[in-house]
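Chemist: Starting from these lines, generate the structure:
(one chain, ligands or ions: 2)
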Amino acid sequence: MPYATEENLTDLALKQWEACHSPRLRQIMQSLVKHLHGFARDVDLKQDEWLMAVDWLARTGKLSSEKRQEFILLSDVLGISMLVDAMNHRFPEGATPSTVIGPFHIDDSPELPMGANVAEGLAGEPCFLVGSVRDMDGKPIEGAKLDIWQADADGLYESQLGAEEPTLRAVFHTGADGKYVIRTIAPPGYSIPMDGTVGDLLRGTDISHFRPAHIHFFISAPGYETLITHLFKKGAKYIDSDVVFGVKDKLIVEFKKQPAGKTPTGQISSEPFLVVTYDFVLSKSAAQKNGELALSEAGGASRGKL
Ligand code: BEZ
Ligand code: FE
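Modeler: Ligands and ions are numbered 1, 2, ... in the order given. Modelled structure (predicted):
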């Protein structure tokens with residue numbers, strides 16, 4: 001191997017990664033080396049700038065835990081989360097689009113019956129989520145799992161509140177009619193966490209660090225593509241400047257104000273409330289489509305034999 005020079009270093013590093021056992025990891029690492037070297041050359045990177053960046057990344061790692069995902073936040077504000085999401089969820093026209101999962105999803109939320117209040121005991125404007133989970137032909141999907149989570153009336157998530165109990169998150173399952181009805185409170189727009197390394201970075205810019213009001217949904221059903229998405233409040237502040245690029249036209253919904261009276265869960269509210277109506281449309285998973293194709297081909301073949 002020739003000794004390194006400024007000119008031949010990129011080629012040497014690329015060649016070194018030829019020795020990677022996995023062809024896919026080799027492809028990824030060689031591309032990363034190529035682009036990182038290109039980046040360093042492009043900006044004429046100074047030694048102290050690189051050491052500062054390494055220290056910043058180390059601090060970002062130390063801040064990350066099960067409850068706080070500073071690296072996901074970095075990926076979000078760089079737009080790479082939404083790019084990877086878009087490339088991996090090219091759903092057919094008519095299916096509900098996906099968006100960023102964000103850093104605040106917590107696994108194993110409590111299962112609640114349809115109609116339950118996920119904001120029990122919390123202050124805020126009452127809000128009812130009403131609709132269904134359907135397939136591309138409009139058929140209701142039975143047994144779809146809706147995992148929902150959101151911020152409280154001050155724009156804070158459970159992990160930021162340091163809550164001991166699950167807060168503003170729950171799991172629901174649809175029945176044969178595919179319908180859901182959930183009581184909650186209206187979330188406001190909020191700032192992404194600014195007390196970490198990502199906040200330090202953004203403070204040196206004029207980039208808005210806010211997200212428009214939204215509720216998160218993680219919807220899964222056997223045989224269908226899993227859908228991770230939000231419903232955004234129509235007309236909300238920051239709807240045109242979401243710091244993580246998460247807003248899509250088809251995910252903007254009216255949070256319709258209703259006068260005091262009968263609510264979608266059949267109770268009587270003494271105060272006005274909001275109703276959000278939305279039908280989620282899931283596309284069939286590739287495995288399901290392949291299975292159906294194989295079945296129809298087998299059927300055709302056996303019919304051909306008759
Ligand atoms: C969220 O919606 O919870 C979120 C997404 C990306 C970054 C920060 C927060
Ligand atoms: Fe959120």
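
Chemist: What strand or helix carries residue 62?
Modeler: Element membership for residue 62 (DSSP states H and E) is helix 47-63.

Chemist: what residues does that helix touch?
Modeler: Applying CB atoms under 8 Å, 6 or more residues apart in numbering, the contact partners of helix 47-63 are 40, 70-71, 74, 196-198, 200-201. (C-beta placed from N, C-alpha, C; glycine too.)

Chemist: And it, how far out from the chain middle?
Modeler: 26 Å (CA atoms, centre = their mean, to the nearest Å).

Chemist: That helix and ligand 1, any residue contact?
Modeler: No: judged by CB under 6 Å from any ligand atom, helix 47-63 stays clear of ligand 1, getting no closer than 13.9 Å.

Chemist: pLDDT of that helix, averaged?
Modeler: The predicted model assigns helix 47-63 a mean pLDDT of 97.

Chemist: And the next helix or strand past it?
Modeler: Counting by DSSP H and E, what follows helix 47-63 is helix 70-77.

Chemist: ok, then the element right after that following helix?
Modeler: Later in the chain than helix 70-77, the nearest helix or strand by DSSP H and E is helix 80-88.

Chemist: how about the very next helix or strand once past that following helix as CSV, C-alpha atoms only?
Modeler: Using DSSP H and E, the helix or strand that follows helix 80-88 in sequence is strand 126-135. Output in CSV follows, covering the C-alpha atoms of strand 126-135 (Å, rounded to 0.1, in the frame of the first residue of the first chain):
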residue,chain,number,x,y,z
PRO,A,126,-61.4,18.4,25.3
CYS,A,127,-60.8,16.8,22.0
PHE,A,128,-62.3,13.7,20.3
LEU,A,129,-60.6,11.7,17.7
VAL,A,130,-63.1,9.9,15.5
GLY,A,131,-62.8,7.8,12.3
SER,A,132,-61.8,4.4,11.0
VAL,A,133,-58.9,2.3,9.7
ARG,A,134,-59.6,1.0,6.2
ASP,A,135,-57.9,-0.8,3.3
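
Chemist: Would you pull up the residue in this structure closest to ligand 1?
Modeler: residue 102 (2.6 Å; CB to the nearest ligand atom).

Chemist: Tell me how many other residues crowd that residue.
Modeler: 21 (other CB atoms under 10 Å).

Chemist: and what of residue 246?
Modeler: For residue 246, using other CB under 10 Å, the count is 22.

Chemist: That one contacts residue 98, correct?
Modeler: No: using CB atoms under 8 Å, residue 246 makes no contact with residue 98, being 9.8 Å away.

Chemist: Which positions in the chain make contact with ligand 1?
Modeler: Neighbours of ligand 1 within the chain, by CB under 6 Å from any ligand atom: 73, 76, 100, 102-104, 192, 211, 244.
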